[in-house]
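K.L.:
Got a sequence here, can you model it:
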Amino acid sequence: MILVAIERSGELLVPKGDTTLQSGDVVTVLSLSGVTDNLMRSFEAK
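P.N.:
Below is the predicted model:
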């Protein structure tokens, strides 16, 4: 999985090594076919 972009408060961010996700972020990811369910679970609220 590669985190490609983060939309936060109307701004588009390109993530770097020290970027942290915040509640409300909209993320764009690139992943292999067939991993969607596991990927989505990793982003669910706990």
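K.L.:
any idea which helix or strand carries Arg41?
P.N.:
helix 36-42 (DSSP states H and E).
K.L.:
just how off-centre is that helix within its chain?
P.N.:
With CA atoms, centre = their mean, to the nearest Å as the basis, helix 36-42 stands 11 Å off its chain's centre.
K.L.:
same question, stretch 1-16
P.N.:
For stretch 1-16 - counting by CA atoms, centre = their mean - the centre lies 7 Å from the chain centre.
K.L.:
returning to what we had before: mind listing residues that contact the helix holding Arg41?
P.N.:
Met1, Val29, Ser31 (CB atoms under 8 Å, 6 or more residues apart in numbering). Just so you know, the C-beta spots here come from the backbone N, C-alpha and C atoms, and that holds for glycine as well.
K.L.:
Show the contacting residues for the first one.
P.N.:
In this case it means Met1. Val29, Leu30, Ser31, Val35, Leu39.
K.L.:
List just the nearest of the contacts of helix 36-42 to Ala45.
P.N.:
Among the contacts of helix 36-42, Val29 lies closest to Ala45 (CB to CB), at 17.2 Å.
K.L.:
before we move on, back to that, just the contacts of helix 36-42: which are in strands?
P.N.:
Mapping the contacts of helix 36-42 onto strands (DSSP state E) picks out Val29.
K.L.:
Any chance of TSV for the contacts of helix 36-42, columns pLDDT and distance to Asp18?
P.N.:
Shown next, in TSV, are those (pLDDT from 0 to 100; distance: CB to CB, whole Å):
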residue	pLDDT	distance to Asp18
Met1	82	18
Val29	89	18
Ser31	84	22
